[in-house]
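Q: Just the structure for this:
(2 chains)
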Amino acid sequence: MGVNQIMFILFSAVIVVFSILTVTSRKILRAAIYLLFVLVATAGLYFMLNYQFLAAVQLTLYAGGIVVLIIFSILLTSHINQKFEPVGWKKSLFSALAAIAGAILTITTILDFQFSATTEAAREVNMHLIGTSLLSVGNDGYALPFEVISILLIAAMVAAIVVAKKGAPKKPESQTLNQ
Amino acid sequence: MNTGIPLSYFLVLAAIMFFVGVYGFLTRRNLITILMSVELILNSVNINFLAFNRFLFPHKLEGLFFSLFVIAVAASEAAVAIAIIINIYRRFTTINVEDVDVMKY
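A: All right, here's what the predicted structure looks like:
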């Protein structure tokens, strides 16, 4: 068993265990930290697949950005020691049944299917290639999705600011409704 | 393939992660934990894209760029969702989905 196999087993064990803990933990801050572990292990998988750029994006954007955002909003909205009440057994049972049935269906399909790989030579993925493809309009270019995603990011930024901004103070009604 | 790990292992791992996310999405009641389940689901899909790209079509870059765009969409989704969650918290002082059932007040 080579180093690769050991690393894969390690990463997948971390991913499976901590993603289950993320959705079952009764303390919300711990769930966020478990999610961080899952995301870092996923970045490790990307490194194993030789996509260094995407692994770096995963680490900075997901592990660095989104988790920090989630932790901030947890601190803003809930008490730090707050514990969720346990999920009712009926809901838990039926959700688990749905998830397990879906997982069994998907996994048996994956194991049955014969994937046929292409015979063409692999291309080395480096920063130069990614940059030129992102801005090229040719055959292997992604200029249009790049522009669309930049507009989406601007729209999301403006929307986040507008939505989260405190509206004009209208004390009388909001006092009675917020109590 | 240089990693020595079959493609199906990656796919099975991503499927498990996806359905754990689905389970969390169905059972959780707090909005932020639901958002965390969605992040799990998006991440597992990214693993699928990259594994397909590396194992089946290593001369192309589709999977890489698609997961790059998925990450961007996930980031903007998280930002907007958290803005909405904070707004809901201001108005109702709770982010439990069962208590937030009024759209207009």
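Q: State the distance from residue A:62 to residue A:120.
A: As judged by CB to CB, to the nearest Å, residue A:62 and residue A:120 stand 31 Å apart. Using the backbone N, CA and C atoms, a C-beta is placed for each residue, glycine as well.
Q: More neighbours: which of these two?
A: Set residue A:62 next to residue A:120 and count neighbours by other CB atoms under 10 Å in any protein chain shown: residue A:62 wins out with 25 against 10.
Q: quick one, what contacts that one?
A: Residues in contact with residue A:62, defined by CB atoms under 8 Å, 6 or more residues apart in numbering or on different chains, are A:39, A:42, A:43, B:39, B:43, B:71, B:74.
Q: likewise residue A:136?
A: Residues in contact with residue A:136 (CB under 8 Å, 6+ apart) are A:142, A:143.
Q: Let me see the confidence value for it.
A: Looking at residue A:136, its pLDDT reads 88.
Q: Can you report phi and psi for it?
A: phi -90, psi 150 (degrees, to the nearest 10).
Q: For chain A, what's its nearest residue on chain B.
A: Closest approach between chain B and chain A, counting by CB to the nearest CB: residue B:24, at 2.9 Å.
Q: Ramachandran angles for that residue?
A: phi -60, psi -40.
Q: burial measure for it, as a count.
A: Residue B:24, neighbours per other CB under 10 Å, totals 25.
Q: which element is the closest residue to it other than its chain neighbours on?
A: Leaving aside its sequence neighbours, residue B:24 sits nearest to residue A:23 (CB to CB, 6 or more residues apart in numbering or on different chains; 2.9 Å). Assigned by DSSP states H and E, residue A:23 belongs to helix A:3-24.
Q: average pLDDT for that helix?
A: In the prediction, helix A:3-24 has an average pLDDT of 93.
Q: what does that helix rub up against?
A: In contact with helix A:3-24 (CB under 8 Å, 6+ apart) are residues A:30-31, A:34-35, A:37-38, A:41-42, A:44-45, A:48, B:3-5, B:9, B:13, B:16-17, B:20-21, B:23-24, B:27-28, B:33, B:36-37, B:40.
Q: helix or strand right after that helix?
A: Counting by DSSP H and E, the element that comes right after helix A:3-24 along the chain is helix A:28-48.
Q: Give me the neighbour count for the residue in chain A positioned nearest to chain B.
A: Residue nearest to chain B within chain A: residue A:23 (2.9 Å; CB to the nearest CB). Per other CB under 10 Å, the neighbour tally for residue A:23 reads 25.
Q: Over to residue A:118?
A: The tally of other residues near residue A:118 (other CB under 10 Å) stands at 12.
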